[in-house]
Every structure is written in C-alpha cells, then in structure tokens.
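A.B. asks: Please find the sequence and the predicted model below.
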Amino acid sequence: MRRSSSSSFKAFPSLLCLLLLLLLVGPARARVPAVEFVNKMMVEGLSKDWDMTASVAEPLVVPQTGSKESDLIVGGLPGQRAKGVQYTQYAGYVTVDATAGRALFYYFVEAIHNATSRPLVLWLSSGPGCSSLGDQALMGHGPYRVSKNGQTLHGNKDSLVQVANVIYLESTTGTGFSYSNTSSDYKGLSDRKISEDNFRFLVNWLERFPEYKERMFFVGGEGYGGSYAAQLMQLILNHNDASGHTNIAFTGILVDSLYECSEQNVAEYLNTPEVQKALHVNPATIPQGWRQCNEYSFHKP
C-alpha cells in the first residue's frame, strides 16, 4: 500500500483555513473531539485500535546543548536562489533510542513573517515509510520546489511557512535520512512503537528549541501519516494529563493529501553530496541513498 495522492494541491487554501479555524478554536476545545477523531483514523489491515490510556515511559529527554546551533543551515540550501526569500532553516537528527542507536531526521523552517508568534506544526507523511522531506517540504506545502534539472530550488508562494513554523519529520526508521544501528528496526516497527518514537522526537526537539515549548502546537499528516498524527496526538494528551499540567501546548490536528510532482527530481536533489552536507546528513547511515519511501515500513500493527 502506497501513500494516497491527489491530482493537485488545490486543497492548500483549505489547509490554511483549517489552520486558522483551529487557532480560533484553541487548545481548550481540542481535547473534546480527540478520541472521536482517533477512532475514525483506523486503517483496515494496517492499524488497529490502540490503548487510549497509553503513555511513554520516562525518562524521555536527553541533553541537547549545542545541538540547535549545529543544526542551523548556514547560507541556505544548495541551489537556493540568492535573491529569493531567505528562510531560517535547521536540519539534523534527534536520537529516540540511544540503546538501539535509532535517530529520526528532521527539517525545520521558521515562518517567514513573525516567527516568534506563529504556531508550530509537526508534519508526518504517508506510506507508511514515505518521506515528509520529499513529499511535502519539496513537493507540497514546503518553502521550496525542486526544479526540473534536479539541481536548483525555486520558491513556493503557497507554502505553509507563510503562516507557521514547520517541522518536517522523516518517520519511521529507514525513511529518508532516518536510521538505526539495530538491523531489526528496518524490518518494520509497529504503529505503537512509531508513535512512541515520534513522541520522543518531539519532547527532545522541544528541549533543543525551548522557545517553542509554550507555542501553540499542531500535528499534521497526509494519507497514513494522518493515523500517526492521531496517535501522537493521543500520547501528547495523555502525557499532559499525567503530568497535571500542559507540558506541550497541543492545539489541533491537520490532515491533508499529497501534491503530486516529479519524485525523480527530488531524489536527485536530496542525493547530491552538497545538499546532504548542507542538511547535516551522515551519508554512512544511508548506503542505499535517500529514497522517497521505505518498503520495510509496510508492516503489521
């Protein structure tokens, strides 16, 4: 089963409207429809009902001192037009299981206007096992699109970063630049384990970027990524309930379909050594190169 798709990205205005609507609804109301939404997100054959009271065991957070500074993309991405919009961008790895040596890769773009007051969005793509860096950051609502030559970038005037600070997370293990030092992790993780990894990523990313800890926060996903988004949402709500206060300012959930574009252009761009260097990628962890989808993530629950 591959990711769902649509013929165009005409739904983008609706996505902005949905984001604005959720901003108006606010975190106080997000709790009410959460369980109802999660139960509707079951995908026959790939996902089953999960424990709605589940939480992730502590300890969760590891020291992140200096990581944010080293993740900053200095001078922009290769092929980025010098005269275009200059975004503040970060990319790197967040370890989610130190024992297994499992780390998830992310690409983060701050909003072009008023970033300090804009909400934070974590975006998960479909598959399972398809890259949000390729699917959305470079083919959908990200700040750039890859040109036909596979070497240069051009701006996307309809980008979600016009209204939000966006994290594009490559989940699961083996997806895009994400990796593990434990070979069994590449044979497919359960939905529950993937959601726990996504949660561990989030809390450690917020430790790396503490200025976003109290920011209005949305989880977004397209296709099967919507199921991951819903499960992550439930873990966040359970975590906040267990702590007795709001540790993560969860505000709402966004679900969308994919904008179809040429995957070959994106693959060529992301496998360019200069691009991987700019994104702080460790090529030794992906000997097969960056691929749009990881077939090993087509797993049983």
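C.D. replies: Structure's in. What do you need? Values in this document were obtained by computation on a predicted structure and should not be read as measured data.
A.B. asks: And the helices in this protein?
C.D. replies: Remark: helices assigned in the chain by DSSP state H are 12-25, 27-30, 34-40, 67-71, 132, 191-208, 225-243, 263-270, 273-278.
A.B. asks: Where among the ones you listed is average confidence lowest?
C.D. replies: The weakest mean pLDDT among the helices of the chain belongs to helix 27-30, with a mean of 38.
A.B. asks: Quickly list what Leu120 is bridged to.
C.D. replies: Note on Leu120: beta-bridge partners by DSSP bridges are Asn165, Phe217.
A.B. asks: okay, now Ile236: neighbour count?
C.D. replies: Ile236 sits with 25 neighbouring residues when counted by other Cβ atoms under 10 Å. For glycine as for every other residue, the C-beta is placed from the backbone atoms N, C-alpha and C.
A.B. asks: Verify the contact between Tyr186 and Thr173 for me.
C.D. replies: Yes - Tyr186 is in contact with Thr173 according to Cβ atoms under 8 Å; the separation is 6.3 Å.
A.B. asks: neighbour-wise, which of these two wins?
C.D. replies: Neighbour count, other Cβ under 10 Å: between Tyr186 and Thr173, Thr173 has more, with 28 against 15.
A.B. asks: list the contacts for the more buried one?
C.D. replies: 102, 104, 179-180, 185-186, 189, 197, 294, 297 (Cβ atoms under 8 Å, 6 or more residues apart in numbering).
A.B. asks: likewise Ser70?
C.D. replies: Neighbouring residues of Ser70 by Cβ under 8 Å, 6+ apart: 92, 280.
A.B. asks: Start the count at 218 instead of 1 going forward.
C.D. replies: Yep, numbering from 218; the last one is Ser287 now.
A.B. asks: Could you report the neighbour count for Gln281?
C.D. replies: 17.
A.B. asks: And Asp352, by the same measure?
C.D. replies: Burial of Asp352 is recorded as 33 neighbouring residues (other Cβ under 10 Å).
A.B. asks: excluding its backbone neighbours, what's nearest it?
C.D. replies: Nearest residue to Asp352, sequence neighbours excluded (Cβ to Cβ, 6 or more residues apart in numbering): Ser342, at 4.2 Å.
A.B. asks: mind checking how far the one you found is from Arg409?
C.D. replies: In this view, Ser342 and Arg409 are 19 Å apart by Cβ to Cβ, to the nearest Å.
A.B. asks: who's more crowded, these two?
C.D. replies: Each of Ser342 and Arg409 has its neighbours counted (other Cβ under 10 Å); Ser342 has more, 34 against 16.
A.B. asks: Verify the contact between Gly296 and Thr369 for me.
C.D. replies: Yes - counting by Cβ under 8 Å, Thr369 is a contact partner of Gly296 at 3.9 Å.
A.B. asks: coming back round to it: the residue nearest to Asp352 against Met356, yeah?
C.D. replies: No - applying Cβ under 8 Å, one finds Ser342 not in contact with Met356, separated by 9.9 Å.
A.B. asks: one step back: tell me who's in contact with the residue nearest to Asp352.
C.D. replies: 220, 348-349, 351-353, 438-440, 442, 475.
A.B. asks: Let me have those residues in CSV, extended by distance to Leu449.
C.D. replies: Putting the contacts of Ser342 into CSV (distance: Cβ to Cβ, whole Å) gives the following:
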residue, distance to Leu449
Arg220, 18
Ser348, 17
Ser349, 13
Gly351, 20
Asp352, 17
Gln353, 16
Gly438, 9
Glu439, 14
Gly440, 15
Gly442, 10
Leu475, 19
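A.B. asks: Check the residues you listed and tell me the two furthest apart.
C.D. replies: Gly351 and Gly438 (15.0 Å; Cβ to Cβ).
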